[in-house]
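Engineer: fold the following.
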Amino acid sequence: MKKTLIASAIAAATFSGAAAAQANLSASELAAKMDSMPQIYGNIQYVVYHADVKGGENGIEHADNGSTLGVKHDHEIAPGITGFFKLELEGLAADDKDRETGLEDVDEAYIGVKGDSFGQIWVGSDDSTYESAIDKIANFYEFAAYNFGGGYETGEGDLVQYMSPSFGGLTVGAAVQI
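Structural biologist: Model (predicted):
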């Protein structure tokens with residue numbers, strides 16, 4: 001508890017000092033500063049579903065369908081070359097307020113570089129190129145108590161992935177798990 005209090009005090013002092021230092025910025029300078037900051041995002045995927053299976057499970061259930069909290073950022077390193085990263089945590093359990101833990105699972109954590117002429121390459125934990133392509137077709141439903149398709153085990157960690165630039169609408173992707 002004391003660590004949380006100390007961290008909160010340090011964060012408050014840092015942000016208030018930074019806000020005072022930025023008081024003399026013009027609107028366009030402030031907008032540029034805001035654009036240069038990482039984006040913090042999240043979602044709550046709370047679902048209520050009904051199961052009515054003859055001779056099986058019946059009833060209404062509440063569930064979390066993958067609520068997340070994340071941070072992502074990109075920054076132009078040189079003209080036409082951009083570095084990027086993403087960290088997304090899941091495990092919020094929006095349907096269970098008595099749960100003692102949360103945000104313990106890393107859904108995506110990667111860093112990479114992309115360019116207009118060479119495409120993009122990134123390293124870390126992410127959906128594989130194959131999984132992303134199959135999910136667009138096989139797993140049409142956002143939530144289903146039963147999996148309708150996309151049976152694969154490609155792995156999501158320790159990936160090195162590449163996506164080519166578009167060649168008249170055609171892109172080529174590859175992934176290797178190390």
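Engineer: now the element after the helix or strand containing Ile134, going C-ward?
Structural biologist: Ile134 is part of helix 129-135, with elements assigned from DSSP states H and E. Following helix 129-135 in sequence order, the next helix or strand is strand 159-163 (DSSP H and E).
Engineer: who does that next one pair up with?
Structural biologist: Counting by DSSP bridges, the strands paired with strand 159-163 are strand 119-125 (antiparallel), strand 173-177 (antiparallel).
Engineer: most packed of those strands?
Structural biologist: Sort those by mean neighbour count, taking mean count of other C-beta atoms under 10 Å, and strand 119-125 sits at the top with a mean of 17. C-beta: built from backbone N, CA, C; applies to glycine.
Engineer: which elements pack onto the helix or strand containing Thr82?
Structural biologist: Assigned by DSSP H and E, Thr82 belongs to strand 81-90. Packing partners of strand 81-90 (3 or more C-beta pairs under 8 Å, 6 or more residues apart in numbering; DSSP states H and E): strand 68-78, strand 105-115.
Engineer: make a markdown table from these and add mean pLDDT and distance to Ile60 to it.
Structural biologist: Listed next are these as a markdown table, based on pLDDT from 0 to 100; distance: least, C-beta to C-beta, whole Å:
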| stretch | mean pLDDT | distance to Ile60 |
| --- | --- | --- |
| strand 68-78 | 94 | 24 |
| strand 105-115 | 93 | 26 |
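Engineer: winner for burial among those strands?
Structural biologist: Mean neighbour count (mean count of other C-beta under 10 Å) peaks for strand 105-115 among the helices and strands packed on strand 81-90, with a mean of 16.
Engineer: so what are the sheet partners of it and their directions?
Structural biologist: Strand 105-115 sits in its sheet next to strand 81-90 (antiparallel), strand 119-125 (antiparallel), going by DSSP bridges.
Engineer: now find how far off-centre the longest one is within its chain.
Structural biologist: Between the centre of strand 81-90 and the centre of its host chain there is 8 Å, according to C-alpha atoms, centre = their mean, to the nearest Å.
Engineer: the domain parsing of the protein - what is it?
Structural biologist: For the chain, automatic domain parsing gives the domain ranges 1-34, 38-177.
Engineer: Ala109 and Val123, how far apart?
Structural biologist: Per C-beta to C-beta, to the nearest Å, Ala109 is found 10 Å from Val123.
Engineer: for Ser132, same thing?
Structural biologist: From Ser132 across to Val123, the span is 16 Å (C-beta to C-beta).
Engineer: quick check on the residue of the chain positioned farthest from its centre: phi, psi?
Structural biologist: Going by C-alpha atoms, centre = their mean, the residue of the chain most distant from its centre is Gly55, 39.0 Å out. In terms of degrees, to the nearest 10, the main-chain angles of Gly55 are phi 70, psi 10.
Engineer: thanks a lot, see you next time.
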